[in-house]
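**Q** okay, predicted coordinates and the sequence, questions at the end:
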Amino acid sequence: MRGLHFAAGLALRLLLCVGTWTAFDARPIRGQGWAEKMFQQGVAHEFGVVPKGSQLLHRFPITNIYAVRMEITQIQPGCGCVSAVASKRFLEPRETGTIDVSMDAKRFDGPKSVGIRVTVGPEFVSSAELRVTANARGDLVFNPGRLVFGPQANGAEGGQTVVMEYAGAFPLEVREVVTNQVPVNATVKQLYREPGRVGYEVSAALKSDGPPGAFKDTIFLKTNDPTQPMVPLLVEGAIESSISITPQKLALGNVSTSDMLTRRVVVRGQKAFQILSVEGTGQGVELAGELSPTPSMTQTISLKIQLKNAGEFKRELKIRTSLQDAPLILPLDGSAAP
């Protein structure tokens, strides 16, 4: 009876919600397994054969396909060698997040399969069982098991290394490092080779033009081993912007179309730089003075602003500097009355 009341309650909520998505699936309300339907790309991941000591990562996409807000209320890994976190605690209808599952291959030998129970609710409660599987081979070892960068400014010097050692009859060679979209430059060199043993060192540094923010992703070592042509290596870190802007947004408030506003924006860098241009001016937004040609760690931009048309005003200025290719974005908003 309880299951019947649950199904009827959720079905009624889905039917009463305005603007339900045509892709919403009403079938899961028949039982307690409806949360599994939120993992539309599958609930299992096979890491395959991995080096002993590897730190592994897989992100399971989770989409709220229902017409009510869902909360990820609990995540329970079935083994201490696995941890998992949700990228978002709450998911609005149609919203997608991820369950990020990490697996520590230094904590087991040989094949290992672990379940992770993900519970959603809180008004209507259901659980899905995720599963990750890996086979930690003892003849191939990473030390340490991942590359970790602390918070570091864009373009800063410094790198990290990992040593990979193999002991076996196969003449293993690592031929290149495939970084894909991970914001690092990486190289590999052979440290030694002797009968039955070989060692390689992987060196990596953050890209000078990497996007600011934290990252955690996998690069791959390409080998000549047909049984394991790509060996995964986890990389994580954070890139701090080499330049900042104050204020980050110009809120002009409610003004008259006859008002002439002046605003100042301060741009700071970790080394001396120039402001090359300010794009998006015109139609009531103009520079109040020339840009300084002298490199400095602090630059000031003065603006003259007159909202000539009544109503809402929104604009973005792009500030280009000599420190980075990507421009700084300065939003402006306000409203004007005659």
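**A** That came through, no problem.
**Q** could you look up the SS state of Lys37?
**A** helix (DSSP: H, G, I helix; E, B strand; the rest coil).
**Q** would you agree it is in contact with Thr63?
**A** No - counting by C-beta atoms under 8 Å, Lys37 does not reach Thr63; the two are 9.2 Å apart. The C-beta positions use only the backbone N, C-alpha and C, and glycine is treated the same way.
**Q** can you get me a residue count around Asn224?
**A** With neighbours defined by other C-beta atoms under 10 Å, the count for Asn224 comes to 11.
**Q** hmm, Val198 and it touching each other?
**A** No - judged on C-beta under 8 Å, Asn224 makes no contact with Val198 at a distance of 11.4 Å.
**Q** pull up the overlap in contacts between the two.
**A** Common neighbours of Asn224 and Val198 (criterion: C-beta atoms under 8 Å, 6 or more residues apart in numbering): 172-173.
**Q** got a list of what the most centrally placed residue in the chain touches?
**A** By C-alpha atoms, centre = their mean, the chain has its centre lying nearest to Phe215, at 5.4 Å. Contact analysis of Phe215 by C-beta under 8 Å, 6+ apart lists 182-183, 235-239.
**Q** buried stuff in stretch 272-289?
**A** Across stretch 272-289, burial judged by 16 or more other C-beta atoms under 10 Å covers 273-275, 278, 284-285.
**Q** what average pLDDT does that stretch get?
**A** Taken as a whole, stretch 272-289 has an average pLDDT of 93.
**Q** now the end-to-end length of that stretch.
**A** End-to-end span of stretch 272-289 (C-alpha to C-alpha, to the nearest Å): 20 Å.
**Q** repeat for stretch 139-152
**A** End-to-end for stretch 139-152, by C-alpha to C-alpha: 34 Å.
**Q** so what touches that stretch?
**A** 51-55, 104-106, 158, 160-168, 172, 184, 202, 204, 206, 219, 231, 233-240.
**Q** make it 6 Å
**A** 51-55, 106, 160, 162-168, 204, 206, 234-238, 240 (C-beta atoms under 6 Å, 6 or more residues apart in numbering).
**Q** mean confidence score for stretch 324-338?
**A** 89.
**Q** nope, stretch 193-210 is what I meant
**A** Averaging pLDDT along stretch 193-210 yields 91.
**Q** quick one: residues in contact with it.
**A** Contacts for stretch 193-210 (C-beta under 6 Å, 6+ apart): 147, 149, 152, 155, 159-167, 172, 174, 183-192, 239, 325.
**Q** in it, which residues are buried?
**A** 198-200, 202-206, 208, 210.
**Q** which secondary structure elements does the host helix or strand of Val278 contact?
**A** If you go by DSSP states H and E, Val278 is part of strand 275-279. Strand 275-279 makes packing contacts with strand 311-321 when contacts are defined by 3 or more C-beta pairs under 6 Å, 6 or more residues apart in numbering; DSSP states H and E.
**Q** may I have the strands that pair with the strand it packs on, each with its orientation?
**A** Using DSSP bridges, strand 311-321 pairs in its sheet with strand 275-279 (antiparallel), strand 328-337 (antiparallel).
**Q** redo these as TSV? Include distance to Phe47.
**A** Listed next are the strands paired with strand 311-321 as TSV, based on distance: least, C-beta to C-beta, whole Å:
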stretch	distance to Phe47
strand 275-279	46
strand 328-337	38
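**Q** sorry, back to before: and the next element down the chain from the strand holding Val278?
**A** strand 285-287.
**Q** helix or strand right after that next one?
**A** strand 296-305.
**Q** parallel or antiparallel, which strands does that following strand pair with?
**A** strand 261-273 (antiparallel), strand 285-287 (antiparallel).
**Q** mind checking which of the ones you listed is nearest Leu330?
**A** strand 261-273 (6.4 Å; C-beta to C-beta).
**Q** how far does that closest one sit from its chain's centre?
**A** Relative to the centre of its chain, strand 261-273 is centred 28 Å away, using C-alpha atoms, centre = their mean, to the nearest Å.
**Q** Provide the contact partners of that strand at residue level.
**A** Counting by C-beta under 6 Å, 6+ apart, 153, 242-246, 250, 295-305, 321-323 sit against strand 261-273.
**Q** neighbouring contacts of the strand holding Val278?
**A** So strand 275-279 is contacted by 291, 299, 317-321 (C-beta under 6 Å, 6+ apart).
**Q** could you turn the buried ones of those residues into a PyMOL selection?
**A** Those of the contacts of strand 275-279 that count as buried under 16+ other C-beta under 10 Å are selected in PyMOL with:
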select buried, resi 299+317+319+320+321
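**Q** follow-up on the earlier one: which members of the contacts of stretch 193-210 are classed as buried?
**A** The buried subset of the contacts of stretch 193-210 - by 16+ other C-beta under 10 Å - is 147, 149, 152, 155, 160, 162, 164-166, 172, 174, 183-184, 186, 188, 239.
**Q** and these, which of them are in helices?
**A** Judged by DSSP state H, helices contain none of the buried ones among the contacts of stretch 193-210.
**Q** least confident of the residues you listed?
**A** Gly155 (55).
**Q** ok, the residue nearest to Val178 when sequence neighbours are not counted to Ala186 distance?
**A** Closest residue to Val178 apart from its sequence neighbours, by C-beta to C-beta, 6 or more residues apart in numbering: Phe220 at 4.5 Å. Distance, Phe220 to Ala186, by C-beta to C-beta, to the nearest Å: 10 Å.
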